[in-house]
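Undergrad: have a look at this prediction, sequence included:
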Amino acid sequence: MDEGRKMGMDIDGERYPNCLSSYFDNGIESQRYYLSRRTLLEMLRDRGYLVPNSEIELSIQEFRNNYGQQPDIDRLRVSALHKDDPSNKILVLFCGPNVVKVNVIRAIATQIMNKDTLTRLILVVQNQITSQAMKAVDLFKFKVEIFQISDLLVNITKHVLKPKHELLTNEEKQRLLEKYNIEEKQLPRMLQKDAIARYYGLERGQVLKVTYSSEVTETRVTYRCVW
């Protein structure tokens with residue numbers, strides 16, 4: 001048997017309909033959903049939302065037992081309340097693998113139209129989102145965040161080289177500015193599109209305490225203001 005047939009292809013280089021790719025579809029699809037959903041749950045917890053540890057600690061086999069090898073994306077949705085403000089409710093929805101067009105956004109809008117308590121929405125997409133769809137997103141009356149599923153396969157805050165980030169309260173921020181007799185604009189900046197700022201859902205003007213530490217260098221602390 002030649003190399004092409006070993007790889008599940010015919011002599012013209014076309015894949016057979018039932019070959020190794022079918023196995024990947026069954027295994028990798030559920031793994032991608034599992035990893036991205038776990039990162040989202042950790043993200044919500046780190047933002048202060050109430051998320052059961054049992055959901056975060058779910059093994060991939062338990063996930064597959066609950067949702068199947070090819071999960072229904074509607075069942076993957078997550079909703080949570082903020083521990084300090086029960087009126088602060090967030091909803092996470094997964095979009096399918098196709099290009100996200102305006103009709104998809106309109107369907108989502110209709111679906112959540114009567115959710116008056118919703119204050120933030122996260123959409124997880126697997127493909128590009130059209131410009132018309134983006135304009136439709138802007139019409140939502142609350143904050144909408146969009147993440148590519150590929151960006152959620154790993155929790156960036158857990159990387160060994162990432163410094164520790166802590167969000168300052170408004171009071172802590174004010175004390176910091178008074179301590180060093182500086183204005184907000186004089187602090188080092190972090191763009192809102194920065195991966196860390198997006199992970200924590202930060203808004204313009206919020207300040208992070210960033211702690212760098214390693215076995216080689218001494219602990220160093222700096223502060224960054226979101227712009």
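TA: Cool, got the structure.
Undergrad: give me the below-cutoff pLDDT ranges for this protein.
TA: 1-26, 114-116, 160, 215-217 (pLDDT under 70).
Undergrad: if we use 50, what do you get?
TA: Counting by pLDDT under 50, the ranges of the chain that qualify are 1-25.
Undergrad: what pairs with the strand of greatest length in it, parallel or antiparallel?
TA: With secondary structure taken from DSSP state E, the chain has its longest strand at strand 85-94. According to DSSP bridges, strand 85-94 forms sheet pairs with strand 78-82 (antiparallel), strand 118-125 (parallel).
Undergrad: which residues does the shortest one contact?
TA: If you take C-beta atoms under 8 Å, 6 or more residues apart in numbering as the criterion, strand 78-82 is touched by 37, 40-41, 44, 47-51, 88-92. For every residue, glycine as well, the C-beta is placed using N, CA and C.
Undergrad: could you identify the most distant pair in the residues you listed?
TA: For these, the farthest-apart pair by C-beta to C-beta is 37 and 88; their separation is 20.9 Å.
Undergrad: residue 63: what's it in contact with?
TA: Contacts of residue 63 by C-beta under 8 Å, 6+ apart are 30, 33-34, 37.
Undergrad: let me know the closest of these to residue 180.
TA: residue 37 (41.1 Å).
Undergrad: surely that closest one touches residue 76?
TA: Yes: using C-beta atoms under 8 Å, residue 37 is in contact with residue 76, at 5.8 Å.
Undergrad: overlap in contacts of these two?
TA: Contacts common to residue 37 and residue 76, judged by C-beta under 8 Å, 6+ apart, are residue 94.
Undergrad: so which of those two has more stuff around it?
TA: In terms of neighbours (other C-beta atoms under 10 Å), residue 37 is the more surrounded of residue 37 and residue 76; the figures are 24 against 18.
Undergrad: and the more buried one, that one's in a helix?
TA: Yes: counting by DSSP: H, G, I helix; E, B strand; the rest coil, residue 37 is located in a helix.
Undergrad: what segments of this protein are helices?
TA: All helices of the chain, identified by DSSP state H, fall at 3-6, 20-46, 53-56, 60-67, 102-111, 131-137, 170-180, 195-200.
Undergrad: any idea which of these gets closest to residue 150?
TA: Nearest of the helices of the chain (C-beta to C-beta): helix 20-46, 8.1 Å.
Undergrad: can you give me the buried ones in the closest one?
TA: 30-46 (16 or more other C-beta atoms under 10 Å).
Undergrad: can you check what angle separates that helix from helix 60-67?
TA: Going by axes from the mean of the first three to the mean of the last three C-alpha atoms, to 10 degrees, helix 20-46 is angled at 100 degrees with respect to helix 60-67.
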